[in-house]
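Undergrad: how would this look folded up:
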Amino acid sequence: MGEYKYELIVYWSAEDAAFVVDVPELPGCMAHGPTPTAAVSEAQMAIALWIDVARESGRVVPEPKGRRLLLA
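TA: All right, here's what the predicted structure looks like:
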């Protein structure tokens, strides 16, 4: 498994007492960990699983945009 180039948003969640990583280009793809580094590592695994399930389901897997997403 390589590194995926999707945008990752990392933030601290007091509710979960963990760092959370959201992958906005892949709906519902999130991960968490006790440190930012661990959370990003978990996110890479979550991305791989998300892509596998999407392909098995015949869904389109978006290409990474390769740039920061703009928030409205």
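
Undergrad: Where does pLDDT dip in the protein?
TA: Low-confidence segments of the chain (pLDDT under 70): 1-2, 67-72.

Undergrad: What ranges does it have for its helices?
TA: 36-56 (DSSP state H).

Undergrad: How much space separates the spatially most central residue of the chain from G66?
TA: With distances taken as C-alpha atoms, centre = their mean, the residue of the chain nearest its centroid is V23 (3.3 Å). For V23, the distance to G66 equals 14 Å [C-beta to C-beta, to the nearest Å]. No exception for glycine: its C-beta is placed from N, CA and C like everyone else's.

Undergrad: picking that back up, give the contact list for the residue nearest to the residue nearest to the centre of the chain when sequence neighbours are not counted.
TA: Distances taken as C-beta to C-beta, 6 or more residues apart in numbering place C29 nearest to V23, at 4.0 Å, with adjacent residues excluded. Shown in contact with C29 (C-beta atoms under 8 Å, 6 or more residues apart in numbering): 22-23, 43, 46-47, 50.

Undergrad: The same query, at a cut-off of 6 Å, please.
TA: 23, 46, 50 (C-beta atoms under 6 Å, 6 or more residues apart in numbering).
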